[in-house]
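1. just the structure for this:
(one chain, ligands or ions: 1)
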Amino acid sequence: MIRAKYGTQDALETEDVSLTFESFQHQNGTLYTCFTQNGIRMYFDDEKGIVPFPEELYSQGKFILTYSESDKTFENVQDESIGTATHLENYRTSSLYIPGKGMVMTYIFEERMNVCKYYDSDSGAWLILPLLWEMNLDFILHRVQQVKKAVPAITDYKEILAALRLCNYDSDEVISMFYAMFGDSLGSTINGQQDFDPVILQRDLAKKEKQLEHLAKTLQEKETELENMHSKYRYLEEEKHLLIQRTEILNDKVAKLQYEHDKYLKEINDIKSQNVKITNSMKNHLPLRKDLLPKMLSEARQLYAANHQLRVLTAGSLSEMGLFIERLKNTVVNMRSSTKEIEEIRALYQRETLERKLLYNQLQELRGNIRVFCRCRLDDGKGGHLEFPTEEEIIVNQNGNRKRFRFDQVFLPQCTQEDVFEGTLPIIKSCVDGYNVCILAYGQTGSGKTYTMMGNEQKPGVNIRSIRELLHICQERDNIKYILKISMLEIYNENVCDLLSQNGKQLEIRSQGKTVTVQGLTEIEVLTEDDIKNTILFGEKNRTVASTKMNTESSRSHLMVILRLNGVDNISGAVSSSTLTLCDLAGSERISKTEAAGQRLVEAAAINKSLTALGQVFTALKTNSMHVPYRNSKLTHLLQPSLSGQAKACVFVNISPDKKDIGETISSLQFGSSIQQIALGKPTPHLSNMKNGQ
Ligand SMILES: Nc1ncnc2c1ncn2[C@@H]1O[C@H](COP(=O)(O)OP(=O)(O)OP(=O)(O)O)[C@@H](O)[C@H]1O
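-> Predicted structure coming up:
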């Protein structure tokens with residue numbers, strides 16, 4: 001990808017005429033969106049609309065930083081040196097100089113996670129000290145060096161720091177943990193970087209996929225073999241039955257012939273001795289004369305021969321039956337061992353599936369469960385203030401003040417829809433493994449959110465591409481039967497509207513435990529690519545009709561396309577359920593004071609509320625807070641399953657290349673870079689990999 005300085009003109013001073021919203025956090029968790037109008041602080045009430053902020057609430061909570069107050073966040077710290085740490089008596093307490101924040105106290109709390117935190121007075125929350133900063137605390141640096149000295153094979157200090165966090169900063173425990181895990185191999189093979197290289201993981205994953213494919217094939221072959229054996233068994237059973245019947249008939253015949261033969265012999269003997277008493281049966285043979293004897297003797301011989309023949313036949317039939325029974329026994333033995341083999345392969349398959357899932361998860365975790373991408377809209381020649389020094393960085397030059405932001409990836413204006421989709425693909429794929437996945441597009445109106453998510457007929461965006469991809473993956477996985485269902489909704493002024501129902505009905509959100517549902521939301525099953533396109537087209541049409549009716553713009557509402565994926569593994573019987581939530585957020589721009597009235601003001605307050613709530617959720621996730629305030633807005637409430645637990649998220653920060661938009665661009669980049677730190681704050685992914693590799 002070519003990196004270049006983007007344009008040459010100097011930045012323009014942007015006039016700040018926008019309305020500033022403030023967010024008030026009540027101690028009961030409620031979030032109020034306030035602003036000042038004619039010297040009176042007002043707030044937006046979901047039912048009453050815009051009303052003055054009640055005096056009594058001041059003592060029941062505090063004002064917090066909103067997503068748009070750009071100058072107070074600490075993104076500048078990223079490329080400045082950190083300053084010096086002061087070691088205090090109790091090693092759990094220390095202090096650190098952070099530019100823009102001054103001297104901050106740091107603490108290690110003994111709680112759910114033993115991590116070093118500092119109190120951020122701007123957001124009023126305890127934040128996890130990023131690993132980078134933590135290294136500047138003397139006692140931590142000292143412990144890292146202790147571990148490094150004892151275990152020189154582990155060269156990545158982030159590994160050591162993460163391990164220290166896990167072991168409550170006890171270096172001895174970390175050293176023994178490393179030795180317990182790797183033993184003798186420690187000196188030769190363990191090198192943090194090498195073992196946890198995403199490329200290596202990716203390779204392992206590909207290997208695992210191949211193994212799985214092979215196992216599934218073997219399993220299928222074995223099952224066909226077993227099925228064949230079953231039909232052979234059934235055939236042999238039938239044959240055995242027929243043979244028994246045939247032998248019984250033959251035995252009967254032999255007995256009858258023997259009887260006839262004996263009777264004949266007796267008659268012959270009687271005639272020979274001429275002392276025959278005339279019996280009823282003999283009347284048929286009358287008149288009895290000695291000259292009949294030769295004929296009777298010949299018949300008796302014939303009877304004997306027939307009897308003999310039948311006996312041979314019966315003996316043959318019996319030995320044939322013996323052979324059949326032997327074959328039947330073998331088949332049963334083979335069937336038993338095949339069934340056992342199938343059970344073993346099935347167990348192996350289950351284990352491999354799990355391992356593959358873990359590997360995939362580790363790879364994603366290594367890259368961060370929340371990935372943040374920046375995409376700059378196509379250049380229209382009005383820029384000059386943006387630079388793209390590397391694939392992960394963007395610099396905004398505002399009147400000579402250069403601000404640098406770092407993301408998982410920065411997409412240049414000339415990047416194609418394919419390039420962008422490629423970046424999201426690994427996360428999207430994990431949806432078929434049962435993870436909830438969420439993709440959000442954040443940015444001011446006109447920055448390219450809809451282009452990124454929806455795209456157009458010729459250049460479809462992430463929405464169509466990802467659903468299409470999932471449909472293909474599901475169709476390719478023969479062993480799992482998937483059902484894919486799409487719903488589409490819009491959140492406008494804190495109201496949820498179904499876009500796939502004819503009448504665009506408004507819906508309520510219900511939650512039970514960790515499950516969040518929208519009551520009565522229409523779901524349409526998709527089987528083909530055409531189904532996807534037609535469904536989304538129908539939803540978009542409904543959205544246009546609704547916005548025309550309400551005389552508003554689609555950019556003032558959040559759009560969500562939700563794909564629900566239910567799968568049943570035919571082999572293991574495992575059931576998976578996950579959702580892919582694709583969200584085109586409302587424009588994040590501040591509105592100007594002249595516009596601040598009526599419907600526009602209500603819309604702006606509702607957008608501010610939901611985007612602030614989104615920022616709060618990310619902050620709570622970042623600080624590993626016990627309480628994540630999902631319920632502060634409809635948007636975050638709906639996104640809860642996709643932004644919690646083992647869910648994976650991908651946020652696009654869309655920016656405009658126009659110089660006039662520089663203020664909003666910085667604000668959006670700050671929002672994105674504060675989310676980016678969530679991935680940095682996660683301490684354990686490398687270690688979990690080490691454990692598995694034991
Ligand atoms: N990367 C891009 N390449 C080409 N055209 C783009 C790109 N990004 C955006 N555009 C075009 O710029 C215009 C504005 O983009 P878009 O409508 O996606 O912005 P938006 O942020 O979604 O705005 P809104 O909030 O109004 O929906 C559209 O005409 C879109 O086609």
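2. next, count neighbours for the nearest residue to M296 once chain neighbours are set aside.
-> Excluding its sequence neighbours, the residue lying closest to M296 (CB to CB, 6 or more residues apart in numbering) is I268, at 5.5 Å. In this view, the C-beta of every residue, glycine as well, is placed from N, C-alpha and C. If you count neighbours by other CB atoms under 10 Å, I268 ends up with 16.
3. helix or strand for I268, which one?
-> Here I268 sits within helix 198-273, counting by DSSP states H and E.
4. tell me the average confidence for that helix?
-> Confidence over helix 198-273 (mean pLDDT, whole number) is 80.
5. what does stretch 611-619 give?
-> 87.
6. then stretch 336-343?
-> Per-residue scores along stretch 336-343 average to 82.
7. likewise for stretch 179-190?
-> Summarised as a single mean, pLDDT over stretch 179-190 is 54.
8. what's the weakest-modelled helix or strand in this structure?
-> Using mean pLDDT, DSSP states H and E, helix 685-692 stands out as the lowest-scoring helix or strand of the chain, at a mean of 29.
9. sec struct for the residue nearest in space to the middle of the chain, please.
-> The structure's the chain has its C-alpha centroid closest to Y435; by CA atoms, centre = their mean the separation is 2.2 Å. Per DSSP: H, G, I helix; E, B strand; the rest coil, the local secondary structure of Y435 is coil.
10. one more: I666?
-> When classified by three-state DSSP, I666 comes out as helix.
11. spell out which parts of the protein neighbour the ligand.
-> Residues of the chain found near the ligand (CB under 6 Å from any ligand atom) are 377-378, 443, 445-451, 555, 587, 654.
12. which of these sits closest to T612?
-> Of all the residues of the chain next to the ligand, T612 sits closest to G587, with 14.6 Å by CB to CB.
13. backbone dihedrals for the residue nearest to the closest one when sequence neighbours are not counted, please?
-> Leaving aside its chain neighbours, G587 sits nearest to T445 (3.3 Å; criterion: CB to CB, 6+ apart). Phi and psi for T445, reported as degrees, to the nearest 10, are phi -60, psi 130.
14. counting neighbours, what do you get for T445?
-> T445 has 17 nearby residues by other CB under 10 Å.
15. now do the contacts for it.
-> 553, 555, 587, 589 (CB atoms under 8 Å, 6 or more residues apart in numbering).
16. let's go with 7 Å and repeat that
-> Going by CB atoms under 7 Å, 6 or more residues apart in numbering, T445 touches 555, 587, 589.
17. which of these are buried, as a ChimeraX select command?
-> Entered in ChimeraX, the line below selects the buried ones among the contacts of T445, by 16 or more other CB atoms under 10 Å:
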select :555,587,589
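18. export the contacts of T445 to TSV and tack on distance to E392, secondary structure and pLDDT?
-> Output for the contacts of T445, formatted as TSV (distance: CB to CB, whole Å; DSSP: H, G, I helix; E, B strand; the rest coil; pLDDT from 0 to 100):
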residue	distance to E392	secondary structure	pLDDT
S555	29	helix	82
G587	26	coil	92
E589	26	coil	87
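19. D138: which of the contacts of T445 is nearest?
-> Of the contacts of T445, the one sitting nearest to D138 (CB to CB) turns out to be E589, at 44.2 Å.
20. for F21, which non-adjacent residue is spatially closest?
-> Spatial nearest neighbour of F21, chain neighbours left out: N608 (4.2 Å); criterion: CB to CB, 6+ apart.
21. can you spell out which helices and strands pack onto the helix holding I268?
-> Applying 3 or more CB pairs under 7 Å, 6 or more residues apart in numbering; DSSP states H and E, we find helix 198-273 packed against helix 293-367.
22. show me what secondary structure element comes after the helix it packs on.
-> strand 370-376.
23. that following strand pairs with which strands, parallel or anti?
-> If you go by DSSP bridges, strand 370-376 pairs up with strand 409-411 (parallel), strand 648-655 (parallel).
24. for I464, find the nearest of those strands.
-> Nearest of the strands paired with strand 370-376 (CB to CB): strand 648-655, 15.5 Å.
25. what about that closest one, distance to the chain center?
-> Centroid separation for strand 648-655 versus its chain: 17 Å, with CA atoms, centre = their mean, to the nearest Å.
26. dump that strand to CSV, keeping only the CA atoms.
-> The C-alpha trace of strand 648-655 is given here as CSV (Å, rounded to 0.1, in the frame of the first residue of the first chain):
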residue,chain,number,x,y,z
LYS,A,648,-15.7,-9.5,18.7
ALA,A,649,-16.1,-6.0,17.4
CYS,A,650,-14.7,-4.0,14.6
VAL,A,651,-15.1,-0.2,14.5
PHE,A,652,-14.6,1.8,11.3
VAL,A,653,-13.8,5.4,12.0
ASN,A,654,-14.8,7.1,8.8
ILE,A,655,-13.2,10.5,8.2
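27. distance check, the nearest residue to S447 once chain neighbours are set aside against C376.
-> Distances taken as CB to CB, 6+ apart place N654 nearest to S447, at 4.0 Å, with adjacent residues excluded. N654 sits at a distance of 8 Å from C376 (criterion: CB to CB, to the nearest Å).
28. looking at these two, which is more packed in?
-> Per other CB under 10 Å, whichever of N654 and C376 has more neighbours is N654, with 29 against 24.
29. for that one, give me the pLDDT.
-> The model's pLDDT for N654 equals 97.
30. bridged to it, which residues?
-> Beta-bridge pairing of N654 under DSSP bridges involves R375, G443.
31. K449 is in contact with that one, correct?
-> Yes - N654 sits in contact with K449 when judged by CB atoms under 7 Å, with a separation of 4.8 Å.
32. mind listing the shared neighbours of those two?
-> With CB under 7 Å, 6+ apart, N654 and K449 have common neighbours 441, 443.
33. residues contacting G513?
-> Here G513 is in contact with no residue (CB under 7 Å, 6+ apart).
34. just to revisit the earlier point, who wins for proximity to L127 among the strands paired with strand 370-376?
-> Nearest to L127, of all these, is strand 648-655, at 18.8 Å by CB to CB.
35. can you give me the strands for the stretch 551-694 of the chain?
-> With DSSP state E, counting those that start in this stretch as the criterion, the stretch 551-694 of the chain has strands at 558-569, 575-584, 648-655.
36. for the second one, name the packing helices and strands.
-> In terms of contact count using 3+ CB pairs under 7 Å, 6+ apart, strand 575-584 is assigned the packing partners strand 437-443, helix 449-453, helix 462-476, strand 558-569.
37. can you tell me how far the residue nearest to M296 sits from the ligand?
-> Distance from I268 to the ligand, counting by CB to the nearest ligand atom, to the nearest Å: 114 Å.
38. that residue against S298, yeah?
-> No - judged on CB under 7 Å, I268 makes no contact with S298 at a distance of 10.8 Å.
39. output stretch 247-256 as PDB, nothing but the C-alphas.
-> Only the C-alpha atoms of stretch 247-256 are listed here, as PDB (Å, rounded to 0.1, in the frame of the first residue of the first chain):
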ATOM      1  CA  THR A 247     -33.300 -77.000   5.900                       C
ATOM      2  CA  GLU A 248     -36.500 -77.600   7.900                       C
ATOM      3  CA  ILE A 249     -38.400 -78.400   4.800                       C
ATOM      4  CA  LEU A 250     -35.700 -80.700   3.600                       C
ATOM      5  CA  ASN A 251     -35.600 -82.500   7.000                       C
ATOM      6  CA  ASP A 252     -39.400 -83.000   6.800                       C
ATOM      7  CA  LYS A 253     -39.100 -84.400   3.300                       C
ATOM      8  CA  VAL A 254     -36.300 -86.800   4.400                       C
ATOM      9  CA  ALA A 255     -38.400 -88.000   7.300                       C
ATOM     10  CA  LYS A 256     -41.400 -88.600   5.100                       C
END
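40. who touches that stretch?
-> By CB under 7 Å, 6+ apart, the list of residues contacting stretch 247-256 reads 307, 310-311, 313-314, 317-318, 321.
41. do stretch 467-479 as well
-> Under the criterion CB under 7 Å, 6+ apart, residues 216, 425, 428-429, 431-432, 482, 484, 526, 529, 532, 563, 565, 569-571, 580 lie in contact with stretch 467-479.
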